[in-house]
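**Q** For reference, the sequence and a predicted model appear below.
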Amino acid sequence: MENSNRHIPSSFTDKSVTRIGPKQQLGHEKLISHTDRLEQQLWEVTDGVWCLVGNGLSNQTFVRGPKGIIAIDTGECYEEMAAALKLLREKTDEPITGIIYTHFHYVDGTRAILETQEISDIPIWGHTKIEQNRRKYGMEVSAVAARGLVYQFGIALPKEGPDSIINAGLGLAFRNSDHAPYSPAFVKPTNTFTESQQIELAGLQVQLTPAPSDADDSITIWFPELELCINNLVWPAFFNIFAIRGEEYRDPRMLLEGLDHIHALNPTHLIGTHGPPLSGKETISNEVTNYRDGIQFLWDQSVRGINLGLTSTELTQFVQLPDHFQNSYLTSQLYGVVEHHVRQIYSGLRGWFDGDEAHLFPSEPAKRAEKLIDGFGGREQVRNHVKKAIENDDLRWAIELCSWLVRPTQEPLLDFDAASQEDQNLLADCLRKVAQRTTSANVRNWCLTRALEREGALDLSRHRTHRFSEHVVLSNPPSSSVFALKVLLIPDLAKDYEAEMMWEFSNGEKAGLLIRNQVAVPTSGEDASIGIALSHETWAKLLGRKITLSEALSSNILSTNVDISEVLSFFAMFDHESLNQ
């Protein structure tokens, strides 16, 4: 029997590649060795330029100018940036007189700078979309965004043992445990832009160029006097066109524009948001060329295959990076896998339907699984086929068969209690084998997280309900969280119901929602028949599940102009525990 692991070996292969890591992790030898590149180190890239790798998922970079230090990115919490500043102060005591954000992911430690030096009124440069993007991921899609992070970065994996994290591909881990409790410390940019800017900062000439990457607010930073480029395009792994945690489409054509811009700058030093810096014009030129050509290869050949009429699954076999791209860790599949990137290009370019007749109007998943099981002669026969597939090292087929066995007869599809533990353990065994044989940190972390969940060792059910962060609600305009409720409306409950509510906050801001036709429409609230008055802080506690609606009403921290029953009826339409109590 053909070993299906080998038709796309760059995704995962056989057990010959599995090694034991320093914390007894079981994983691919290349992924284990990749950890060395990500270890904490303050690199002195050139005179007056320092890049801290390994402090968190991202780097913090410091550039000295005639009038002080420029800090580039501030990490994911106050403690992370404070740790970076402590190391910087071993090199220089010059004040930080400017801050630049490369994109919205790593901007949450800024107050650590402003509160630990005398000069606090300093310019902060960043793309105009930074605040909008932070708000988007903290509001309407917060549940799936948080769940995706847990899976992709192995946040819930054990600290030691065969299932423990090896690394996060771009860094050692999503967060450095030394930085708990991870205090948010974002400060919004004082200077924003959407077009290329030439500025002077700390006495240095700086060019800021929008360069969409894994975020549409990413920029490339160029210091012509230092021949230094700082970017969010060249990562210490092949670029993630598809993120297993779930993200919006990242168009490879935009990436190519940004990479060609870096190449044209001809830098002597190249620092990324992740991974160790590079130095030397020839080295950088070769690596950037290789990086952009790998992405162009994926785009060109994916489009070629789509034009030939291939389905998305056929396309994954048709498009694989040539072997020579594995000669550099920068173009190795240490973060995501090309097999998934190709599917993302297909759906991003042409939509979800790939021409496979079976995908046009598929059967209900639970009923389909039962029919397939019946066709194989019953559940025991399917189990036997799973075990045979595992013996033959045919993990793709084993996982597909297992997915039938664990599929519940009723929705939701991820009701883990609906399947027998024997079948869930079978599936977990298959996923664990894939995890131990892939170079991809993302795939390993995802597979192990799901395996532990299937085995009952992890309970991630709280990540399948909409959870607002009290801090995120408070750090955004009240209206943004009011309007976000629209995605929590339960349409069956709102049938034949029409009413409008206005929120009046103690700071003077107002917002409204009109429920009609089984949707909740954002409004100003001026025509609302139901009104409530409360503070932003009370609203944040409600959404953050710190208090219930009934408690807020009974304690008079939330008042209304109508009978309480009308307020309770309105909020009962939404899928949110605190608002339903």
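**A** That came in fine, so what should we check first? What you are looking at is a predicted structure, and each value in this text was computed from that prediction instead of being measured.

**Q** Show me where the stretch 451-581 of the chain has its helices.
**A** With helices called from DSSP state H, counting those that start in this stretch, the stretch 451-581 of the chain shows them at 470-474, 478-484, 536-543, 549-554, 564-571.

**Q** same thing with the stretch 301-450 of the chain?
**A** Going by DSSP H, counting those that start in this stretch, the stretch 301-450 of the chain shows helices at 312-318, 338-350, 365-375, 379-391, 395-406, 421-435, 441-454.

**Q** out of those helices, which comes closest to Val472?
**A** Nearest of the helices of the stretch 301-450 of the chain to Val472, taken as Cβ to Cβ: helix 441-454 at 23.5 Å. Placement of C-beta: from N, CA and C, glycine included.

**Q** Show me which positions of stretch 338-349 end up buried.
**A** 338-346, 348 (16 or more other Cβ atoms under 10 Å).

**Q** what does stretch 288-297 give?
**A** 288, 290-297.

**Q** Tabulate those residues in JSON lines, adding columns for secondary structure.
**A** Formatted as JSON lines, the buried residues of stretch 288-297 follow (DSSP: H, G, I helix; E, B strand; the rest coil):
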{"residue": "Val288", "secondary structure": "helix"}
{"residue": "Asn290", "secondary structure": "helix"}
{"residue": "Tyr291", "secondary structure": "helix"}
{"residue": "Arg292", "secondary structure": "helix"}
{"residue": "Asp293", "secondary structure": "helix"}
{"residue": "Gly294", "secondary structure": "helix"}
{"residue": "Ile295", "secondary structure": "helix"}
{"residue": "Gln296", "secondary structure": "helix"}
{"residue": "Phe297", "secondary structure": "helix"}
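
**Q** coming back round to it: which of the helices of the stretch 301-450 of the chain is buried the deepest?
**A** Highest mean neighbour count of those: helix 441-454, a mean of 25 (counted as mean count of other Cβ atoms under 10 Å).

**Q** Which parts of the stretch 151-300 of the chain are strands?
**A** 191-193, 197-201, 204-210, 219-223, 228-231, 269-272, 278-279 (DSSP state E, counting those that start in this stretch).

**Q** and the shortest one, what other elements does it pack with?
**A** Taking 3 or more Cβ pairs under 8 Å, 6 or more residues apart in numbering; DSSP states H and E as contact, the helices and strands that strand 278-279 lies on are strand 269-272.

**Q** Not counting the strand it packs on itself, show me its contacts.
**A** 45-46, 49, 51, 59, 61, 226-236, 262, 277-279, 284, 287-288 (Cβ atoms under 8 Å, 6 or more residues apart in numbering).

**Q** Repeat the analysis, applying 7 Å as the threshold.
**A** 45-46, 49, 51, 59, 61, 227-232, 234-235, 277-279, 284 (Cβ atoms under 7 Å, 6 or more residues apart in numbering).

**Q** Work out the gap between it and the centre of the chain.
**A** Counting by Cα atoms, centre = their mean, to the nearest Å, strand 269-272 is centred 23 Å from the centre of its parent chain.

**Q** For it, which strands pair with it and how are they oriented?
**A** Strand 269-272 pairs in its sheet with strand 228-231 (parallel), strand 278-279 (antiparallel), by DSSP bridges.

**Q** could you give the mean pLDDT of it?
**A** For strand 269-272, the mean per-residue pLDDT is 99.

**Q** Can I get the buried residues of stretch 338-349 in JSON lines including pLDDT and distance to Ala572?
**A** Below are the buried residues of stretch 338-349 laid out as JSON lines (pLDDT from 0 to 100; distance: Cβ to Cβ, whole Å):
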{"residue": "Val338", "pLDDT": "98", "distance to Ala572": "47"}
{"residue": "Glu339", "pLDDT": "97", "distance to Ala572": "45"}
{"residue": "His340", "pLDDT": "98", "distance to Ala572": "40"}
{"residue": "His341", "pLDDT": "98", "distance to Ala572": "43"}
{"residue": "Val342", "pLDDT": "98", "distance to Ala572": "45"}
{"residue": "Arg343", "pLDDT": "97", "distance to Ala572": "40"}
{"residue": "Gln344", "pLDDT": "97", "distance to Ala572": "39"}
{"residue": "Ile345", "pLDDT": "98", "distance to Ala572": "43"}
{"residue": "Tyr346", "pLDDT": "97", "distance to Ala572": "42"}
{"residue": "Gly348", "pLDDT": "96", "distance to Ala572": "39"}
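
**Q** before we move on, the earlier item: wait, which of the helices of the stretch 451-581 of the chain is closest to Ser196?
**A** Checking those against Ser196 by Cβ to Cβ gives helix 478-484 as the closest, at 29.2 Å.

**Q** Contacts for that closest one next, please.
**A** Under Cβ under 7 Å, 6+ apart, the answer for helix 478-484 is 135, 139-140, 468, 473, 503, 505, 509, 511, 513, 522, 536, 539, 543.

**Q** mean confidence score for it?
**A** Rounded mean pLDDT across helix 478-484 is 96.

**Q** Equivalent analysis for stretch 139-159, please.
**A** Stretch 139-159 comes out at a mean pLDDT of 92.

**Q** Any buried residues in that stretch, and which?
**A** For stretch 139-159, by 16+ other Cβ under 10 Å, it's 139-143, 145-158.

**Q** Select from those residues every entry located in helices.
**A** Among these, DSSP state H puts 142-143, 145-152 in helices.

**Q** For Ala572, see how far away Glu500 is.
**A** 16 Å (Cβ to Cβ, to the nearest Å).

**Q** How about Thr438?
**A** 46 Å.

**Q** swap in Gly378?
**A** Using Cβ to Cβ, Gly378 is found at 44 Å from Ala572.

**Q** for this structure, what helix or strand is lowest in average pLDDT?
**A** Across the helices and strands of the chain, mean confidence by mean pLDDT, DSSP states H and E is lowest for helix 130-138: a mean of 87.

**Q** re the thing from before, Glu500 and Ala572 - which one has more neighbours?
**A** Shown here are Glu500 and Ala572; by other Cβ atoms under 10 Å, Glu500 has more neighbours (20 against 16).

**Q** Can you read off the pLDDT for that one?
**A** 98.

**Q** dump the residue contacts of it.
**A** 512-514, 523, 527-530.

**Q** Kindly state the beta-bridge partners for it.
**A** Note on Glu500: beta-bridge partners by DSSP bridges are Leu514.

**Q** Gly75 too?
**A** Val107.

**Q** how many other residues sit next to it?
**A** 30.

**Q** That one is in contact with Gln60, isn't it?
**A** Yes - counting by Cβ atoms under 7 Å, Gln60 is a contact partner of Gly75 at 6.0 Å.

**Q** which residues are common contacts for these two?
**A** In contact with both Gly75 and Gln60: 81, 84, using Cβ under 7 Å, 6+ apart.

**Q** now Ala528: how far from Glu498?
**A** 12 Å.

**Q** between these two, who's got more neighbours?
**A** With neighbours defined as other Cβ under 10 Å, Ala528 and Glu498 compare such that Ala528 has more, 22 against 10.

**Q** correct me, but Glu504 touches Lys510?
**A** Yes - counting by Cβ under 7 Å, Glu504 does reach Lys510; the two are 5.3 Å apart.

**Q** Which of the contacts of helix 478-484 sits closest to His105?
**A** Distances from His105 to the contacts of helix 478-484, taken by Cβ to Cβ, are shortest for Arg135, at 14.0 Å.

**Q** State the number of residues packed around that closest one.
**A** Arg135: 18 surrounding residues under other Cβ under 10 Å.

**Q** Now do the contacts for it.
**A** By Cβ under 7 Å, 6+ apart, Arg135 lies in contact with 476, 480.

**Q** Tell me how far Asp214 lies from Lys30.
**A** 22 Å.

**Q** no no, Pro66
**A** Relative to Lys30, Pro66 is positioned 44 Å away (Cβ to Cβ).
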